[in-house]
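# with the sequence up front, the predicted model follows.
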Amino acid sequence: MMARARLQVMSLSEAAAERVREIIADSERPIAGLRVGVKKGGCAGMEYTMDMVEAADPADERVADKGVTLFVDPKAVLFLLGTVMDFETTKLRSGFVFRNPNEVSACGCGESVQLKPADAQAFA
């Protein structure tokens, strides 16, 4: 029986990958990648989190895409399945944006979202 390829939790746009490369290159300490997660907060209920990672946590889900590595907090995997991380620059702001199929709604300021867990069977 042939093993099925493991589904990648999320992916990056080329703009996001380029920005992650810049963050790693500009860091004063060695960085293995960025850890992405979610936490309770904001007016819509949840916020995306990102932190620089010096060493991988074995519990993290590892995402290698376009030459960079993301580490996904295991508690966030079901909320981030199918998400594309992008980086946008507009007249008013620049930053990472998450195109997440599990997003139910977002607050008006764009700082927090309401997420539902993904149906893992749909991705199997």
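Done, it's in. Residues are numbered from 1 along each chain as shown.

# please make it C-alpha for all contacts and neighbour counts, starting now.
Fine.

# pLDDT at residue 4, what is it?
At residue 4, the pLDDT value in this model is 44.

# repeat for the one 5 residues further on
At residue 9 the predicted local distance difference test score is 90.

# doesn't residue 64 make contact with it?
No - between residue 9 and residue 64 there is no contact under C-alpha atoms under 8 Å: 10.2 Å.

# okay, these two: which has more neighbours?
residue 9 (19 against 15; other C-alpha atoms under 10 Å).

# how many residues are close by the residue lying closest to that one once chain neighbours are set aside?
Leaving aside its chain neighbours, residue 9 sits nearest to residue 81 (4.8 Å; criterion: C-alpha to C-alpha, 6 or more residues apart in numbering). Other residues lying near residue 81 total 21 when counted by other C-alpha under 10 Å.

# check contacts around residue 20.
33, 34, 68 (C-alpha atoms under 8 Å, 6 or more residues apart in numbering).

# how about the secondary structure of it?
For residue 20, the assignment made with DSSP: H, G, I helix; E, B strand; the rest coil gives helix.

# quick one: it from residue 118, how far?
Counting by C-alpha to C-alpha, to the nearest Å, the gap from residue 20 to residue 118 is 26 Å.
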